[in-house]
Every structure is written in C-alpha cells, then in structure tokens.
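J.: sequence unknown, structure follows:
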C-alpha cells in the first residue's frame with residue numbers, strides 16, 4: 001500500500017508539472033509578446049507603437065531574438081490608441097516582457113502620468129519599464145522597417161545598452177525630474193546620443209553632452225562619463241558619492257571615481273573645474289525644485305529632525321563639490 005501511495009504521489013506531481021508547463025507555454029509563445037511601447041502624444045490624438053515578438057519566435061526569452069515586429073495606430077485618447085495598436089498584432093498582446101517605454105516627439109510629463117494610470121488599471125505594461133526618449137516618430141520607424149526588420153532588433157539592442165542610464169517608470173512618483181537617454185536614427189543606424197532629454201512637470205528640454213554627463217556622474221546613472229575639459233577627453237567610471245554637513249551648515253560633496261583605461265589622467269585644475277560644474281548643476285536643480293542627491297535628508301539625519309530642507313521652500317544651501325580619482 002505504501003508503494004502504491006508513493007506511485008500516486010509521483011504521478012500527481014508529474015501531471016501538475018505537465019499542466020504548469022503547458023500553461024506557461026500558452027501564456028507566452030502563443031501570444032504576441034510586447035517588448036516596448038512607444039508613445040507619441042499629438043495636439044488632438046495619440047499614436048501608440050508596439051514593438052513585439054511574434055508567437056513563433058522565442059518570446060519567452062528576455063534576450064533579443066528574431067521575429068521582432070512593429071505595429072502602430074492612432075486614437076483620440078491613449079487607451080483607444082493602445083487598443084487599436086494591439087488589434088494589429090498577430091495574436092493577443094502580452095505585456096509580461098514589456099521592459100521599455102519610449103517617449104517620442106510631442107510627449108510630456110502628462111504622457112507618462114496617463115500611461116502609468118493605464119498600466120495600473122489595465123496591466124498593459126510594467127511600472128518597472130525603463131524609459132528613453134527618441135527623436136523619431138512611429139511613422140518614421142514604420143517606414144524604415146517596411147523592407148527589413150533589422151532596425152527593430154537594433155532598437156532593442158540599443159535599449160539594452162542604455163539600461164544603466166535609463167530611469168524606470170515608477171520613479172516619476174518621487175523624483176522632481178528625470179533625465180532620459182536620447183535615441184536617434186541617422187542613415188538607418190540607431191545610436192544613443194551623448195545628449196540627454198530632461199523631463200519634469202515644468203521642463204521639457206534637451207541637455208548638451210557635458211551637462212548630461214555631469215548629471216549622470218552625480219546620480220551614478222551609467223557606466224562611463226566623458227567630459228571635455230580641454231583638448232582631450234576625460235572619462236570617469238564607478239563614481240562613489242558622499243555628502244557631509246559641515247559645522248556652519250554648508251555641504252561638502254565628494255565624488256571618488258576611477259579613470260577609464262583609455263583616458264588621460266586629469267590634472268588638479270581639470271578636477272577642480274569638474275567639481276565646479278557639479279556644484280552649479282546641484283544649485284540649478286535645487287532652484288528648479290529638485291534635491292538631486294538628497295541634501296535635505298542628509299541634514300535631517302545629522303540634526304535628528306523630521307523637518308527637511310526643501311527646494312520648494314528653502315534657498316539652496318552653501319555647498320562645494322570635490323572630485324578625486326583613484
């Protein structure tokens with residue numbers, strides 16, 4: 001009897017495993033797996049693009065593979081445009097692998113807010129999706145991929161390369177602004193530009209390469225940060241930021257970085273210049289209402305007070321930034 005009971009248990013376990021495998025496969029390979037959503041907000045309508053993997057592709061993999069397709073449609077509002085785009089897919093859309101949200105020209109902070117609300121109510125995406133900005137439209141992408149889908153695969157590969165500098169959708173709830181990597185197409189070649197696209201409730205502008213690099217150095221978003229301090233580039237990596245409150249209430253910010261292998265060693269003057277650029281950006285962001293590196297929390301921790309310095313209420317405190325390499 002004991003032997004028969006064990007046999008039944010093994011049989012039940014095997015049947016359960018087979019059922020789970022069949023369910024998992026039905027939930028992935030028999031659906032169009034959306035990998036990225038492209039949002040384009042016009043004055044009177046919306047355009048939504050869906051970058052997806054066809055059912056016959058290895059859709060259950062997070063790796064880029066063949067079978068990438070693109071569908072785009074318009075609608076009077078975001079939800080209708082999304083439904084119209086989803087209806088063009090080979091099979092029902094599945095957003096489980098939707099890792100990227102791309103903002104196209106015309107998009108704003110409102111675009112992000114409306115999409116996040118739709119994600120939370122309809123689960124048509126993920127709040128952990130990485131965000132980037134693009135200088136092309138859905139129509140541009142459709143025309144470029146009519147003859148070949150290689151550009152679509154390249155788009156996913158480029159997005160993977162930009163992951164370290166890409167903020168996530170849920171970060172819009174707590175941050176005073178986000179700097180997005182900027183993707184561009186030049187002669188059918190996709191690339192991540194050295195410039196960045198800054199977006200907040202009140203700002204929507206492209207930053208130059210140096211300001212973008214300073215912001216990413218301070219926030220640690222990225223792998224390498226290149227600055228032109230003179231006639232040669234200075235490339236830093238692995239920044240370690242520390243903040244100290246001094247006796248007079250001012251802040252001492254320090255950045256310890258490695259110099260990239262192919263970069264010349266910086267001079268003391270260049271490091272001082274870079275420190276000044278960091279201080280200027282921190283002050284600029286504070287005046288815009290963004291405490292970029294948590295100065296308020298640092299002061300509250302030192303003073304043991306629940307009240308924090310607030311960039312929307314308090315003037316920017318005195319601070320200096322020192323940059324060192326090792």
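T.: Right, received. Where do you want to start? Predicted model only: the values in this text are computed from it and were never measured. Residues are numbered from 1 along each chain as shown.
J.: what's the helix or strand for the nearest residue to residue 87 once chain neighbours are set aside?
T.: Ranked by C-beta to C-beta, 6 or more residues apart in numbering and with sequence neighbours excluded, the top spatial neighbour of residue 87 is residue 73, at 7.5 Å. All C-beta atoms are positioned from the backbone trio N, CA, C, and that covers glycine. Assigning secondary structure by DSSP states H and E places residue 73 in strand 68-75.
J.: got a list of contacts for that strand?
T.: 32, 35, 38, 45-54, 57, 81-85, 87-90, 138-139, 141-142, 145, 149, 152-153, 156 (C-beta atoms under 8 Å, 6 or more residues apart in numbering).
J.: Quick check: closest non-adjacent residue to the residue positioned nearest the centre of the chain.
T.: Note on the chain: the residue nearest the mean C-alpha position is residue 166, at 2.6 Å, using C-alpha atoms, centre = their mean. In this structure, residue 166 finds its nearest non-sequential neighbour in residue 130, 3.9 Å apart by C-beta to C-beta, 6+ apart.
J.: Residue 154 contacts residue 190, doesn't it?
T.: Yes. If you go by C-beta atoms under 8 Å, residue 154 and residue 190 touch, sitting 4.9 Å apart.
J.: if you count what's nearby, which of those two comes out ahead?
T.: More neighbours surround residue 190 than the other of residue 154 and residue 190, with 22 against 17 (other C-beta atoms under 10 Å).
J.: which residues touch that one?
T.: Counting by C-beta under 8 Å, 6+ apart, residue 190 has contacts 151, 154, 155, 158, 183, 184.
J.: Can I have the buried ones of the residues you listed as a PyMOL selection?
T.: The buried subset of the contacts of residue 190, as determined by 16 or more other C-beta atoms under 10 Å, is captured in PyMOL by this line:
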select buried, resi 151+154+155+158+183
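J.: and of the contacts of residue 190, the nearest to residue 301?
T.: The nearest member of these to residue 301, counting by C-beta to C-beta, is residue 183 at 38.3 Å.
J.: other SSEs contacting the longest strand belonging to the chain?
T.: For the chain, the strand reaching the highest residue count under DSSP state E is reported as strand 233-245. Helices and strands touching strand 233-245, by 3 or more C-beta pairs under 8 Å, 6 or more residues apart in numbering; DSSP states H and E, are helix 209-219, strand 224-228, strand 251-259, helix 295-303.
J.: Just name whatever secondary elements the longest one is in contact with.
T.: Just to be clear, that refers to helix 209-219. strand 178-186, strand 189-199, strand 224-228, strand 233-245, strand 251-259, helix 268-287.
J.: make it 10 Å
T.: strand 178-186, strand 189-199, strand 204-207, strand 224-228, strand 233-245, strand 251-259, helix 268-287, strand 319-325 (3 or more C-beta pairs under 10 Å, 6 or more residues apart in numbering; DSSP states H and E).
J.: repeat for the shortest one
T.: Here strand 224-228 is seen to pack against helix 209-219, strand 233-245, helix 268-287 when contacts are counted using 3+ C-beta pairs under 10 Å, 6+ apart.
J.: quick one: which of the contacts of strand 68-75 sit in strands?
T.: 32, 35, 38, 46, 47, 48, 49, 50, 51, 52, 53.
J.: Relative to residue 300, which of these is nearest.
T.: residue 38 (40.5 Å).
J.: measure residue 75 to residue 289 for me?
T.: Counting by C-beta to C-beta, to the nearest Å, the separation of residue 75 from residue 289 is 33 Å.
J.: Parallel or antiparallel, list what pairs with the longest strand of the chain.
T.: Applying DSSP bridges, strand 233-245 is found paired with strand 224-228 (antiparallel), strand 251-259 (antiparallel).
J.: Let me see the contact set for the closest residue to residue 128 other than its chain neighbours.
T.: Once flanking residues are discounted, residue 128 sits nearest to residue 168: 5.4 Å by C-beta to C-beta, 6+ apart. Taking C-beta atoms under 10 Å, 6 or more residues apart in numbering, we find residue 168 in contact with 101, 126, 127, 128, 129, 130, 131, 178.
J.: Give the burial count for residue 202, as a bare number.
T.: So residue 202, with other C-beta under 10 Å, has 10 neighbours.
J.: actually residue 42, sorry about that
T.: Other residues close to residue 42 by other C-beta under 10 Å number 13.
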